[in-house]
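J.: structure, please.
(one chain, ligands or ions: 1)
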Amino acid sequence: MQQQPLLISGLIEHVAMNHGRVNIVSHLSETHVNRSTWGDVRTRSKRLANALETLAVQPGQRIATLAWNTHRHLELYFGVSGMGAVLHTVNPRLFAEQIVYIINHAADEYVFFDVSFADQLVAIADELPLVKGFVALCDRSELPQLALPNLLCYEDLLAAASPDYLWPELDENTASSLCYTSGTTGNPKGVLYSHRSTVLQAWAACTVDGLGLSARDSVLLVAPMFHVNAWGVPYASAMCGAKLVMPGHDVSGPRLFAHLRDEGCTFSLGVPTVWLGFFNYVESNLAVLDLTNIRLARVVVGGSAAPRAIVEKFHQLFGTFVIHSWGMTETSPVALVCNLLPAHEGLPLDKRIDIQTKQGRAIFGVEIDIFSPDGLRLPHDGTTVGEMKVRGPWVASAYFGDAPGSATDEQAWFSTGDVALIDSEGFVQITDRTKDVIKSGGEWISSIDLENAAVGHPKVSEAAVIGLAHSKWQERPLLLVVTKPGESLTRDEILSFLSERVARWWLPDDVVFVDALPHTATGKLLKTKLREQFREHRLPTEV
Ligand code: ADP
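T.: Numbers count the residues shown, from 1 in each chain. Here you go, the predicted structure:
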């Protein structure tokens, strides 16, 4: 057989040749929509590759982006990696010190940024000595006066560059992109993906039992392109020729609903927090919204556990199937996908949703298992819990800058820091992060299960559970609740609701109602902050 490397340039060439007229709809602001095609993405990413060569960018060098989901960011995905440089997507929601740290750690040559991040960049530009220039993702008329050294305009660069470019024949193991984990503790750590790992992951996303993405899909790309490459979906969409709808900076409920309706979206993906906001909007506007215009068939929910309420609402309101998925920056990210098996056909809805709230099964390309603290593999009996480890061709072996293999054990297992159980059919259920699990009287209480049960209450908008030190039980759960706007709820009401859904000894020892909960830069509950905030909280069960 021929030795053809698996390259990101191969994806853009394929989609332009075979699906060149398929639309890319990019929302730059509420009133400014840019419509282009996959064919245009190829032409403009070739212009970009030429422009980068003119700027003397060398293969292997890093190019940072601080950008929303737009067509220009998509062009960077293909142009930067395609010409052999490395696309470093910076999460703009990180703290300024973390952004400085990662841009310097990655030694980025240029930073391509959306104008909405200009002030953020101006404030830190002095601390980025390695950056040679800043490229604003706009045209000349939109370019503001900014105190940034070597400020360039993206559309000018493209206009001046030739659309003729021959992609280099790279080794498929060449680095293509770089993402840093949010680093809730310590500095963020970089994960460097290769062309090969990216193409393999895209392939898996296009399989029916992966994310089932196809040319018949119109994809609303809600997951940010700075969060683990929007879960690989931009590459997978190029592989299969799906239409892409890019929401820009605004992922509020009304905007998402409008995009789903106006662009006939059949597929979407995002973290639970975004969908909770979406349903808050939809449910409070049911009287005026026409839900029959929504054709959304599948939505991937991941990044944190999908609450049962989200799975149910998608089904009830739109007939949408939630594909629950688990992954992390270190696993590219998609590793577990929850699709149904023949044995589940004809199950009552309730039982089917029980399955959908699990994180799913390993897709080909990743091996998953659970281990005891002394490293023994644990049984897949649906009850034994252990630390989940993972290995495979799109799992990190080391963090960027560290020695090869330094992030895994001798058998190449990467420790996920997640605690899970696996049933006899291979369905994995994440019960907690090792550091969030609540250790009560020698047993473990799953904070995720408690949170999901609480979010099932019709008056609850969001919930978090943390373990507080307890003199008798070692730790006991404290429930923090944000109620929906205009609703009021009592401690007894929520506890009695929970008592029908979880074991008695799991019931939180106390409930605190709060206005808002802190989140990480990728929209997950920031439990370190909550533990700090409620460290002195005295549980009523304390003697
Ligand atoms: P961050 O968002 O913190 O930068 P990651 O996206 O890499 O980092 O986070 C990975 C972690 O997110 C996993 O280890 C797991 O704890 C959590 N996670 C991701 N998907 C799920 C899911 N479907 N259910 C439960 N936890 C999840």
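
J.: list the buried residues in the helix or strand of the chain with the lowest mean pLDDT.
T.: Least confident helix or strand, the chain: strand 443-445 with a mean of 88, by mean pLDDT, DSSP states H and E. By neighbour count on 16 or more other C-beta atoms under 10 Å, the buried set for strand 443-445 is 444, 445. The way it works is simple: take the backbone N, C-alpha and C, and place the C-beta from them, glycine included.

J.: show me what it is packed up against.
T.: Contact here means 3 or more C-beta pairs under 8 Å, 6 or more residues apart in numbering; DSSP states H and E; on that basis strand 443-445 packs against strand 438-440.

J.: low-confidence ranges, the stretch 1-150 of the chain, go.
T.: Across the stretch 1-150 of the chain, not a single residue meets the criterion (pLDDT under 70).

J.: that one: helices as residue ranges?
T.: For the stretch 1-150 of the chain, the helices defined by DSSP state H, counting those that start in this stretch cover 8-19, 38-54, 71-82, 96-106, 118-124.

J.: for the ligand, which of those helices is the nearest?
T.: Evaluated over these, closeness to the ligand peaks at helix 96-106, with 11.0 Å, by C-beta to the nearest ligand atom.

J.: just checking, residue 508 is part of a strand?
T.: No. Read with DSSP: H, G, I helix; E, B strand; the rest coil, residue 508 is coil and lies in no strand.

J.: give me the beta-bridge partners of the nearest residue to it once chain neighbours are set aside?
T.: Excluding its sequence neighbours, the residue lying closest to residue 508 (C-beta to C-beta, 6 or more residues apart in numbering) is residue 479, at 3.9 Å. Residue 479 has the following beta-bridge partners by DSSP bridges: residue 465, residue 511.

J.: just to revisit the earlier point, hmm, who's touching the least confident helix or strand of the chain?
T.: The contact list for strand 443-445, computed with C-beta atoms under 8 Å, 6 or more residues apart in numbering, reads 385, 419, 431, 432, 437, 438, 439, 467, 477, 505, 506.

J.: and the residue of the stretch 401-543 of the chain found nearest the ligand, what is it in contact with?
T.: The nearest approach of the stretch 401-543 of the chain to the ligand comes at residue 522, 3.4 Å away (C-beta to the nearest ligand atom). Neighbour list for residue 522: 91, 93, 182, 224, 227, 271, 303 [criterion: C-beta under 8 Å, 6+ apart].

J.: can you give me the mean pLDDT across stretch 219-229?
T.: Across stretch 219-229, pLDDT averages out at 97.

J.: let me know whether residue 516 touches residue 482 as I believe.
T.: Yes. With contact defined as C-beta atoms under 8 Å, residue 516 and residue 482 form a contacting pair (6.2 Å).

J.: what about the residue of the stretch 101-250 of the chain found nearest the ligand, neighbour count?
T.: Relative to the ligand, the nearest point of the stretch 101-250 of the chain is residue 182 (3.3 Å; C-beta to the nearest ligand atom). Residue 182 has 19 neighbours, counted by other C-beta atoms under 10 Å.

J.: does it count as helix, strand or coil?
T.: Look at residue 182: counting by three-state DSSP, its state is coil.

J.: surely residue 381 and residue 425 touch.
T.: No. Contact between residue 381 and residue 425 fails when scored by C-beta under 8 Å: they sit 11.4 Å apart.

J.: neighbour-wise, which of these two wins?
T.: Each of residue 381 and residue 425 has its neighbours counted (other C-beta under 10 Å); residue 425 has more, 13 against 10.

J.: who are the contact partners of that one?
T.: 341, 343, 361.

J.: which parts of the chain belong to which domain?
T.: The chain breaks down by automatic domain parsing into domains covering 8-197, 251-392+410-434, 438-533.

J.: now distance to residue 244 too, for these, in CSV please.
T.: Below are the domains of the chain laid out as CSV (distance: least, C-beta to C-beta, whole Å):
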stretch, distance to residue 244
domain 8-197, 5
domain 251-392+410-434, 10
domain 438-533, 21
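
J.: residue numbers of the stretch 251-400 of the chain in contact with the ligand?
T.: With C-beta under 6 Å from any ligand atom as the criterion, the stretch 251-400 of the chain meets the ligand at residues 302, 303, 304, 305, 324, 325, 326, 327, 328, 329, 359.

J.: what's the most distant pair in these?
T.: Greatest spacing in those, by C-beta to C-beta: 324 and 329 (18.5 Å).

J.: before we move on, back to that, can I assume the residue of the stretch 401-543 of the chain closest to the ligand sits in a strand?
T.: No. With three-state DSSP as the criterion, residue 522 is assigned coil and is not in a strand.

J.: and it, how far is that from residue 230?
T.: Using C-beta to C-beta, to the nearest Å, residue 522 is found at 12 Å from residue 230.
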